[in-house]
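A.B. asks: dropping a prediction and its sequence here:
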Amino acid sequence: MDAVYKKELRGYFNSPIGYVFISIFALLSGVFFVASNINASSSRYIDTLYLVTFVFALVVPILTMRSFAEEKKSRTDQLLLTSPIKIGDIVLGKFLAALTVVLIALAVTLIFPLILLLFNANIEPYTVLGGYVGNLLVGMSLIAIGMFISTLTENQLTSAVVSLTLFLILLLMEGLRSSIGSGVLYDILGMISLFSRFTPFSGGSLSLSAIVYFLSVTALFLFLSARVIEKRRWD
Amino acid sequence: MILEVKNLTKRYGAAVAVDDISFSIKKGETVGFLGRNGAGKTTTMNMITGYISSTSGTVLIDGHDILTEPDEAKRLIGYLPEHPPLYLDMTVREYLDFVAQLKGVMEAKAKKKNIDKILDCVKLGDVYGRLIGNLSKGYRQRVGMAQALVGDPEILIWDEPTVGLDPKQIIEIRSLIKNLGADRTMILSSHILNEVADVCQRVLIINKGKIVAEDSINNLSRGIETVNRMTVRIGANERSVGRLLRELSGVRYIECLGVKEPNTVDFIVESDKGADVRRAMFNQLARAGYPIMMLKPVDVTLEDVFLKVTGEEN
C-alpha cells in the first residue's frame, strides 16, 4: 500500500494534475468566499464551506479520472497485479494519495477564515471545524465514487465525464426531491442525496448519522473498485 | 519442480484460449514456449503470473498455488509482458525504486545493491536519471527487463521480448536473455524458432490452446528434410537460367528471387521428397557456363516444425 501511495502522490505532483486540481479548487472556493463573506459582509464562514462541497463535485473528477483507467490503458496494471501486493492495498493506496491532495487543497482554504479574523469577525471555531470535517467527508465519498468509475473504463476522458455527470446529478437531487414533494421516489432519492447530508454540518452540529453515511459510501465504493478489478481477472 | 502447471484451462465465453495444458519445469531449466500469434502463449503466461485467473486447473510455483497463496508465488516470479508495463512519466530510477517497493525489497542497502547489479546487467546505467517516456524502444524493453529482475526472482518469464525491436536491439536483448538464463529458471515465449532454439534446452509447442509437442529443438527438427528446399545464387545476367533448373528431374518448384548481388540471380529450388538435386544442378549449370555463387538450405521454420508435429503435409 505504501509503495502505491507514494507513487500516486508523486504522480500527482510530477504531472500538472495535482497543481491544476489545487489551483482550480482554491480559485472557485475563493470566488465563493468573496461572494458569501466579503461582499456580503458576513462572518458566517460556514456558508462558504457549504458551497465548497459543490466545488468538490466539479474538481474531484480531475483527481480520479486517471486512477485506474490509465493503468489499464498503459498496461501497468499488469505490473501491479503480478506483484506480491493485494488488490485492496492498491485501491487503498490510490485512495489515500487522492485524499492527501484534497487535504492540501482544503489546507489552502484555511487562509479564508484568517482573512475574516483580520476584519475582527466573530468566527465560531467549532462550526468552522465541523464544516471542514464535513467537507473532508464529502471529498472522501466523491473520490471513492470517482475511483470506482475509473475502474470501469480505459479512457480517462470517459471516466471524467461520467464522474462529473454523476456528481452534478447528485447535486441536483435536492431540487428534484422538492419538486416531487413526497412518496416512495422522494424517499429513495433522499437516500442517494449525498450533498444534502452536509446540511447538519452547516448548522453547526456534527451529525453521527451523516458521518456514518459518508464513511459507508466511501467504504462501499472502495470495495466495489476492488471487486471490479478482481472480477476482470476472472472474465 | 519449481513450476507445475496442471490441466490449466481458460475460456472466454464459448471460446477456449487455453485448453487443458499441463507441464512442469525443473529448477534452472530454460524452456521455450513456441506458437503462432494467438495460439494461447500470452494467456498461459498471464495465468502463470497471476495476472488473470484460470477457468480451471492449477499453477504451482515452488509448491505455492498462484490463486490461494498469491503473495508467496508472485514473489518468485519476474515477468516481462509483451507490452512492458512502464510508467512513462517516471525516470528509470523512480520506476525501479517503485518496483522494488512493490516487490517488498524495502531495506535501503539491499535495494541499492540489487538495483545497481541489475543496471549493470541490462546496461541501463547511462539513462538511469532519464524519463522513461523519452527512451527509445530498445531501452524501454531493457527497463522492462530490469523490472522483472528486481528482487532476484527464481523464475523469469519473457513474453515475446524482441517483438518490434530493430535487428541490433534484437541481438542485444537475445544475448542478455541468454546470459540471464545461465543461472535461473526461465520461460521464453516466442513465435520465432531461432530465438528459442538458441537459448532453450526444451521447447513446448502450443497450437490452438493445446500443447502439441514437447522436446528439444534438435529432436523436433530432426527428420525435417532441409535439402529439398534451398536458395541458389547463380552467376548469370538473365533470369532465363531458371529454365535450366526447371529441366532437372526431381525439381518440383522454382521461384526467382531477383538480383541480390550484381551479375547474379537468386532462386528458390524445391525438390521432391528424397530427391537430392544438388549434384545434377551443379553439372547442369557448369555445362552451360553459369557458376553457382552460393547454395544454402532454407532454414527450418516454425511452420515446418508445426507441419511435422501436427502431421500435416504441405
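C.D. replies: Received the coordinates, thanks.
A.B. asks: ok, residue 161 - contacts?
C.D. replies: Using chain A. residue A:61 (C-beta atoms under 8 Å, 6 or more residues apart in numbering or on different chains). Every C-beta, even on glycine, is put in place using the N, C-alpha and C of the backbone.
A.B. asks: nope, chain B
C.D. replies: Counting by C-beta under 8 Å, 6+ apart, residue B:161 touches B:80, B:141, B:145, B:173, B:177, B:188, B:190.
A.B. asks: mind doing that once more with 7 Å?
C.D. replies: B:80, B:141, B:173, B:177 (C-beta atoms under 7 Å, 6 or more residues apart in numbering or on different chains).
A.B. asks: looking at the residues you listed, which one is closest to residue B:241?
C.D. replies: The closest of the contacts of residue B:161 to residue B:241 turns out to be residue B:173 (C-beta to C-beta; 40.9 Å).
A.B. asks: doesn't residue B:160 make contact with the closest one?
C.D. replies: No: contact criterion C-beta atoms under 7 Å: residue B:173 and residue B:160 do not qualify, at 10.9 Å.
A.B. asks: which positions in the stretch 151-300 of chain B make contact with chain A?
C.D. replies: Within the stretch 151-300 of chain B, no position is near chain A by C-beta under 7 Å from any C-beta of the partner chain.
A.B. asks: am I right that residue B:157 is in a helix?
C.D. replies: No: secondary structure of residue B:157 (DSSP: H, G, I helix; E, B strand; the rest coil): strand, not part of a helix.
A.B. asks: could I get the contacts of residue B:161 in CSV, plus columns for pLDDT, secondary structure and neighbour count?
C.D. replies: Below are these laid out as CSV (pLDDT from 0 to 100; DSSP: H, G, I helix; E, B strand; the rest coil; neighbours: other C-beta atoms under 10 Å in any protein chain shown):
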residue, pLDDT, secondary structure, neighbour count
B:80, 96, strand, 24
B:141, 93, helix, 25
B:173, 89, helix, 21
B:177, 91, helix, 22
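A.B. asks: shaky segments in chain A?
C.D. replies: Applying pLDDT under 70 to chain A flags no residue at all.
A.B. asks: can you show me the helices along it?
C.D. replies: Assigned by DSSP state H, chain A shows helices spanning A:2-14, A:17-33, A:45-64, A:69-73, A:77-81, A:87-108, A:111-118, A:125-151, A:156-180, A:184-192, A:199-202, A:208-234.
A.B. asks: roughly how far out does the second one sit from the chain middle?
C.D. replies: Relative to its parent chain, helix A:17-33 has a centroid offset of 13 Å by C-alpha atoms, centre = their mean, to the nearest Å.
A.B. asks: likewise the third one?
C.D. replies: In terms of C-alpha atoms, centre = their mean, the centre of helix A:45-64 is set 8 Å apart from its chain centre.
A.B. asks: can you check stretch A:177-191 too?
C.D. replies: With C-alpha atoms, centre = their mean, you get 24 Å for stretch A:177-191.
A.B. asks: buried ones in that stretch?
C.D. replies: A:177, A:189 (16 or more other C-beta atoms under 10 Å in any protein chain shown).
A.B. asks: straight-line length of it, end to end?
C.D. replies: End-to-end distance for stretch A:177-191, by C-alpha to C-alpha, to the nearest Å: 11 Å.
A.B. asks: could you export the helices of chain A as TSV, including distance to residue B:216?
C.D. replies: Rendered in TSV, the data for the helices of chain A read as follows (distance: least, C-beta to C-beta, whole Å):
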stretch	distance to residue B:216
helix A:2-14	41
helix A:17-33	53
helix A:45-64	52
helix A:69-73	39
helix A:77-81	31
helix A:87-108	40
helix A:111-118	73
helix A:125-151	45
helix A:156-180	48
helix A:184-192	64
helix A:199-202	72
helix A:208-234	34
